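Asker: Fold the following and give me the result.
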Amino acid sequence: MEPTKRTTHLDAGVRTAMQGLSAAAKRGLGDPALAELVMIRASQVNHCAFCLDMHLELARKHGVDEDRIQLLDAWEEAEGIYSERERAAFALTEAVTVLTDGFVPDEVYEHAAQHFDDAQLAHLIGLITVINGWNRLMVTRRIAPGSTEW
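Answerer: Sure thing, here's the model as predicted:
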């Protein structure tokens, strides 16, 4: 059975606020390629085809190598492909996205804090939070990849 298409448009004020938060978090992180990889990883976990499609394209525009994109879903096993800083960001992304035990484990947070200064870590957490919000908005409304009706 095919899922019912849901075409509820996003309120312009909500969209503008979300876009502003996303832009601020990306700017503060200071690494556009890492920002796109983080957003891809969260979107993979959340099964958001719309966001995956968008951020895969943006990652390529920021020069992310195709191997790094292809192996992101298995980043823990892809030794030597990602830096320790990136791996810390991916672990934090997964911990914030899933919240399996209701919190982010101290060791995951502390590992990320070793690779990002306070301001960068705050922006990384903001970025993870906003992409999770976008994922939920798009998945709930079943917005298709490449859609302009969101």
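Asker: Could you pull out the helices in the chain for me?
Answerer: 12-29, 32-46, 49-61, 66-70, 84-98, 106-115, 118-141 (DSSP state H).
Asker: so which of the ones you listed comes closest to S147?
Answerer: Counting by Cβ to Cβ, S147 lies closest to helix 49-61 out of the helices of the chain; the figure is 6.4 Å. To be clear about C-beta, it is placed using only N, CA and C from the backbone, and glycine gets the same treatment.
Asker: and for the closest one, what are the contacting residues?
Answerer: The contact list for helix 49-61, computed with Cβ atoms under 8 Å, 6 or more residues apart in numbering, reads 33, 36-37, 39-40, 42-44, 66, 69, 131, 134-135, 138-139, 143-147, 150.
Asker: just how off-centre is that helix within its chain?
Answerer: Centroid separation for helix 49-61 versus its chain: 10 Å, with Cα atoms, centre = their mean, to the nearest Å.
Asker: and that helix with helix 118-141, angle?
Answerer: Taking axes from the mean of the first three to the mean of the last three Cα atoms, to 10 degrees, one finds helix 49-61 and helix 118-141 inclined to each other by 140 degrees.
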